[in-house]
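> Got a sequence here, can you model it:
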Amino acid sequence: MSSIVVSELEYGPPGGDQLFFDVSFRVTPGEHAAIVGANGVGKSTILRILAGAIEADAGEFAIGGTMLYMTQDVGMSRPNDTIREMLIEVAPAALRDAGRALIAAEKAMASGEDDGIGYANALSNWGDLGGYELEAQWQASAQRSVKTQVDDVSTRLVSELSGGERKRLVLDLLLTSGADVLLLDEPDNYLDIPTREWLEEELRKCKSTILMVSHDRTLLERCSTKVIAIEGAGCWVHGGSFATFPEAREKRQELLGDRLKRWNDEERRLFHHMKIMKQRAAQNFKNATKANAAETRWEKFVAAGPPPPPVPDQQIYVRLRGADSARRVARLEDVSVNDLFWPFSDDVMFGERVGLIGPNGTGKTHLLKVLSGELQPTNGSVSFGPRTSVGVFTQVNDRPDFLGRECIDIVHDRISDEEKAMKTLARYGLRNNARQKFETLSGGQKARLEILRLEIEGHNVLLLDEPTDNLDIESSESLEKALDGFEGTVVAVSHDRTFLAQFDRFIMITDDGEVYGLPDFEIALAGLQKPKNLATLKLAKPLHVIGD
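The predicted structure follows:
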């Protein structure tokens, strides 16, 4: 049976605090379950335990049938690997071991350390286990997932593929593998909006039992049939889609609060009754038996313990104040970068929320780097109006200036007062990480710290590259609320549809390098779904100038 059964799972990293305990849930055959929770509660850790990458401190689990696992950074940490080496890491266990042995044997033979016998044995084992059939699946997935022709997965480097292509290739392979169980950690990261919609369709069609971690609210609403919430160091299960999860959680919190109140009321009533009976027994020994019974009843009730209290909500408060600037914040005149897109011109006005959208690889991040001054345009120029202060959020939280430094020291750069600095970290859910070095934080914690720095630096122009990619749902909602009240201008690259829906207008770059101005999210989404129809979309305005 392709089910997942987890019972009383516990885990704490070596030398660290316990992440969770008493995590128990079941995913029945064919269900598509999502694990949700705040950054750092152990969602990815649970998948790693189930995949056998690490061992739990206590508890049991059982997975029925064949299982495949995809990490959230698949293909990202070793860009100099070949595509074959990347895909071997997501193969079934026996083939994964055989594939690693085959690659090691090839290298040994190439260096002269093996006379060919070891290679012949490794090749034979690879074939016996079904390696050649798997290679055919790789080639088919590569043809569907990579824009350029992949002639040989054993020589083509991972670095030659975009992050989105790497992720789509692995997802295509896993979702068509026929595996009984799939464990998917952040499958939507690095995917553009059209590819996320492809992923949603493939997830809905997939017959495998799926357990996934994701922060994409649209994907969760469309694809989850069960939600497993990790909170309060344990978990609880909502047997429905994420679309109904917030309402279910609110009702659960109310119910927990009511149960605790009733327990406290009953405890006080039993205690008061015992005291009265003790007083009566002191006045008349005939009441001693009743007094002892009342005391025993109260003691048993207290020993059983109260029901769990409502789980405290994660309190993330982002305060992006901003400031006034010139009416025209930035002017782009005939700007292009390399040959990624045609030269185009546009003005960004004070207070606008401008979304940079389009397929992966079209140059959106390059354009953001031009606006930040990190990159010079190949053609044209960018100028900013007076009284503008520009702050930048990087897609992969690449902050060399933060490396080796503790969170509190990074905040001290701007806030010298210790108490105030700790309160600021607390608003971002980072108080317990104050003495933790930046590079040891989770992706979501790094993202929150980077947003915190933007807040205390006080910029009035924010350039954001995929700001919600690693944020948990509550943090994303807090950032959206803060941006709504921000007195300033925002230009953002994002594939988060819920996040983009609040933006005023959009600049879209197509695969052909054409640049369009789109006035609202509905038209932007229609353009992303059918880019060839952009020229006929109502109110779509070409910003590019096609040369001779």
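
> so when I look at Asp401, I'm seeing a strand, right?
No. Asp401 sits outside any strand when classified using DSSP: H, G, I helix; E, B strand; the rest coil, being helix.

> Tell me how many other residues crowd it.
Asp401 is surrounded by 10 other residues when neighbours are defined as other CB atoms under 10 Å. For every residue, glycine as well, the C-beta is placed using N, CA and C.

> hang on, Glu477 in a strand?
No. In this structure, Glu477 is helix, not part of a strand, as judged by three-state DSSP.

> any weak-confidence spans in the protein?
By pLDDT under 70, the weakly predicted segments of the chain are 1, 312-315, 396-398, 535-539, 545-548.

> the longest helix in it is where?
Counting residues, the longest helix in the chain under DSSP state H turns out to be helix 245-283.

> which other helices and strands contact it?
In this structure, helix 245-283 packs against strand 226-231, strand 234-238, helix 288-304, with contacts taken as 3 or more CB pairs under 8 Å, 6 or more residues apart in numbering; DSSP states H and E.

> Show me which residues of it are buried.
In terms of neighbour count (16 or more other CB atoms under 10 Å), helix 245-283 has its buried residues at 245, 248-249, 256, 263, 270, 273-274, 277-278, 280-281.

> same thing with stretch 22-41?
For stretch 22-41, burial by neighbour count (16+ other CB under 10 Å) applies to 23-25, 27, 31-41.

> Would you point out the most distant pair within those?
Glu31 and Gly40 (26.0 Å; CB to CB).

> Quickly compare the helices and strands packed on helix 245-283 and say which is most buried.
Mean neighbours per residue, mean count of other CB atoms under 10 Å, is largest over the helices and strands packed on helix 245-283 for strand 226-231, with a mean of 22.

> got the angle for that strand vs helix 245-283?
50 degrees (axes from the mean of the first three to the mean of the last three CA atoms, to 10 degrees).

> Need the contact partners of strand 226-231.
20, 23, 25, 27, 31-38, 41-43, 46, 211, 220, 235-242, 245, 249, 311 (CB atoms under 8 Å, 6 or more residues apart in numbering).

> Among those, which lie within strands?
Members of those lying in strands (criterion: DSSP state E): 20, 23, 25, 27, 32-36, 211, 235-238.

> Just name the closest of these to Phe486, please.
The shortest separation between Phe486 and any of the ones in strands among the contacts of strand 226-231 is 26.8 Å, and it belongs to Val36 (by CB to CB).

> Who is that closest one paired with across the strands?
With beta bridges defined as DSSP bridges, Val36 has these partners: Ala229.

> Return the residues in contact with it.
Contacts for Val36 were tallied using CB under 8 Å, 6+ apart; they are 43, 213, 220, 227-230, 242, 245, 472-473.

> a markdown table please, covering these and showing distance to Arg297.
Output for these, formatted as a markdown table (distance: CB to CB, whole Å):
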| residue | distance to Arg297 |
| --- | --- |
| Lys43 | 42 |
| Val213 | 46 |
| Leu220 | 46 |
| Val227 | 39 |
| Ile228 | 38 |
| Ala229 | 35 |
| Ile230 | 37 |
| Phe242 | 44 |
| Phe245 | 39 |
| Asp472 | 44 |
| Ile473 | 44 |
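
> for the residues you listed, which one is nearest Thr66?
Closest to Thr66, out of all of the contacts of Val36 and judged by CB to CB, is Val213, at 20.4 Å.
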